[in-house]
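no sequence for this one, just the structure:
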């Protein structure tokens, strides 16, 4: 199993809970910072039950960097015989509310990491997941990715269309960025949150992959961990990150896993 962005916060607890389940021979923490990544791996080994024999290790991954994606996938291919059973896409980015960066300058970095980076990395991992045993992908999204942020039925229909493809979804996200840059996104029916739109696109991508990968035996779901006490929320969250993590762990390891659903508060929820 692989968890991105797993050196702290919710990602750390997702990795700890997957390792502690005893269902995986190997658990990989995929993150940018090598010191934090290796420290987190050691901490998981110390905290998981002594009866569990899961091997926990760190591998460098910079989400949104194509060369980093490629070298990570190559390492997984060589080390684990070309198969991965579970991928949890937890890595993400958010500007703080008090950040002085203008809204339109926050748009591209937010979309590049949360949606485009996640999408490109997942696509590069699909060949390994197709060889996995009861393979699962879990995308950590957010309630802020809610469909109701889109002000027009036309836009909502495009994102929820059963014929939506990844190239079409990329086009829609590019359209949002262009409208933000031109200062007309709200006139065009978009919401006023770059983070919200990035997570809405992750949920839409989940449903596209769920349809497309069904034939390859991969279950693809997403979740909202809830408003957790993490660095991303400046520790203001109301839920412990260990509890938020359970919303991602559930679709990663549950029996009779559904397909293309959005989990929130430990159950299938409404987008």
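Right, received. Where do you want to start? Being a predicted model, the structure only gives us computed values, none of them experimental.

when you work out contacts or count neighbours from here on, use the C-alpha atoms and nothing else.
OK.

give me the local confidence score for the closest residue to residue 144 other than its chain neighbours.
Of all residues not flanking residue 144 in the chain, residue 196 sits nearest, at 4.8 Å (CA to CA, 6 or more residues apart in numbering). If you check residue 196, the pLDDT there is 96.

how many other residues sit next to residue 107?
21 (other CA atoms under 10 Å).

what's near enough to touch the closest residue in space to residue 252 that isn't next to it in sequence?
Sequence neighbours aside, residue 136 is the residue nearest to residue 252 in space, at 5.9 Å (criterion: CA to CA, 6+ apart). Neighbour list for residue 136: 85-87, 129, 218-221, 251-252 [criterion: CA atoms under 8 Å, 6 or more residues apart in numbering].

what residues are up against residue 252?
Here residue 252 is in contact with 86, 88, 136-138 (CA under 8 Å, 6+ apart).

can you tell me which of these is nearest residue 6?
Lowest distance from residue 6 to the contacts of residue 252 (CA to CA) belongs to residue 88, with 9.5 Å.

which residues does that closest one bridge with?
Residue 88 has the following beta-bridge partners by DSSP bridges: residue 3, residue 138.

state the distance from it to residue 169.
Distance, residue 88 to residue 169, using CA to CA, to the nearest Å: 21 Å.

between these two, which one's more packed in?
residue 88 (28 against 18).

kindly provide the distance from the more buried one to residue 98.
According to CA to CA, residue 88 and residue 98 sit 29 Å apart.

same check, this time on residue 222
28 Å.

neighbour-wise, which of these two wins?
residue 222 (30 against 6).

A strand includes that one, no?
Yes. Assessed with DSSP: H, G, I helix; E, B strand; the rest coil, residue 222 lies in a strand.

list the contacts of it.
Residue 222 neighbours (CA under 8 Å, 6+ apart): 138-141, 203, 206, 248, 260-263.

and the nearest residue to residue 142 once chain neighbours are set aside, how many residues sit next to it?
Nearest residue to residue 142, sequence neighbours excluded (CA to CA, 6+ apart): residue 224, at 4.3 Å. Using other CA under 10 Å, residue 224 has 24 neighbouring residues.

so where's the longest helix in the protein?
What stands out as the longest helix in the chain, according to DSSP state H, is helix 194-213.

which parts of the stretch 151-271 of the chain are strands?
219-224, 262-264, 267-269 (DSSP state E, counting those that start in this stretch).

partners of the second one, with directions?
Looking back up the chat, that one is strand 262-264. When DSSP bridges is applied, strand 262-264 pairs with strand 219-224 (parallel), strand 267-269 (antiparallel).
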